[in-house]
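Visitor: Quick one, what's the 3D model for this:
(2 chains)
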Amino acid sequence: SLKIEQNSEALNIQEGKTATLTCNYTNYSPAYLQWYRQDPGRGPVFLLLIRENEKEKRKERLKVTFDTTLKQSLFHITASQPADSATYLCAGGDTGRRALTFGSGTRLQVQP
Amino acid sequence: DGGITQSPKYLFRKEGQNVTLSCEQNLNHDAMYWYRQDPGQGLRLIYYSQIVNDFQKGDIAEGYSVSREKKESFPLTVTSAQKNPTAFYLCASTLDSQANQPQHFGDGTRLSIL
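Guide: I've put the predicted structure just below:
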């Protein structure tokens, strides 16, 4: 079944820089990937969805890419702000069931 | 505003006790899901329901039970058979059972053992 891997180490960057988070998948090629933001003690909030036939998707300061050759999605936040500090989760659709498989998330810390 | 309400926010369980976590949504969504989140791990699927009176086991269903008698409600019971229930439990819903739908989450219930 689908396995989603995200860097468990926190990413620390300076305000104004671009944050780039990585999501790798194995065992199965999902038809789409979704990205969520999760704040401590809260539920995840949906940010973006990208399909396998879409190379890139943008929403305001967010950009997601989907590389089926590398089996990887990159999530970018441009002009990062301290308010962007959170854990970001990658999730993909798995075969045989109508539910998502989630990665463990990457914590982003934006320093002022 | 429409959304998902989970209660209680914190719950404590004694040995041998069953506890029930509530999940209510007013989004008129067909599908609902229960996940468990442990530190440093991704969300793991416990159960999901695509429609009223129907539900399927997820990856870690043992020690849990659910019901879906109403469209807006999907309660999760953590039974005494679940030996390691301490975790953050998240309920989610989607408009329908199409796999690419964004999931809407509640703010979770944190369950601990007394």
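Visitor: in the sheet, who's paired with A:Asp67?
Guide: Per DSSP bridges, the residues bridged to A:Asp67 are A:Gln72.
Visitor: Would you mind confirming that it is in contact with A:Glu52?
Guide: No - contact between A:Asp67 and A:Glu52 fails when scored by Cβ atoms under 8 Å: they sit 9.9 Å apart. Backbone N, C-alpha and C define where each C-beta goes, glycine included.
Visitor: State which one residue of chain B is found closest to chain A.
Guide: B:Phe105 (3.2 Å; Cβ to the nearest Cβ).
Visitor: Give me the pLDDT for that residue.
Guide: Turning to B:Phe105, the model gives it a pLDDT of 97.
Visitor: What's the separation between it and B:Asn84?
Guide: 22 Å (Cβ to Cβ, to the nearest Å).
Visitor: Leaving out chain neighbours, which residue sits closest to the residue of chain B closest to chain A?
Guide: Leaving aside its sequence neighbours, B:Phe105 sits nearest to A:Gly43 (Cβ to Cβ, 6 or more residues apart in numbering or on different chains; 3.2 Å).
Visitor: Show me what counts as buried in stretch A:50-69.
Guide: Buried residues in stretch A:50-69, counted by 16 or more other Cβ atoms under 10 Å in any protein chain shown: A:50, A:57, A:62-66.
Visitor: Of all residues in chain B, which one is nearest the centre?
Guide: B:Trp34 (2.9 Å; Cα atoms, centre = their mean).
Visitor: residue contacts, residue 29?
Guide: Unless you meant another one, I'm taking chain A. Going by Cβ atoms under 8 Å, 6 or more residues apart in numbering or on different chains, A:Ser29 touches A:52, A:68, A:71.
Visitor: you looked at the wrong chain, it should be chain B
Guide: B:71, B:93-96, B:104 are the contacts of B:His29 under Cβ under 8 Å, 6+ apart.
Visitor: again, only this time at 7 Å
Guide: B:93-95 (Cβ atoms under 7 Å, 6 or more residues apart in numbering or on different chains).
Visitor: List buried residues within those residues.
Guide: B:93-94.
Visitor: Let me have the contacts of B:His29 in CSV, adding pLDDT as columns.
Guide: Below are those laid out as CSV (pLDDT from 0 to 100):
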residue, pLDDT
B:Ser93, 96
B:Thr94, 93
B:Leu95, 91
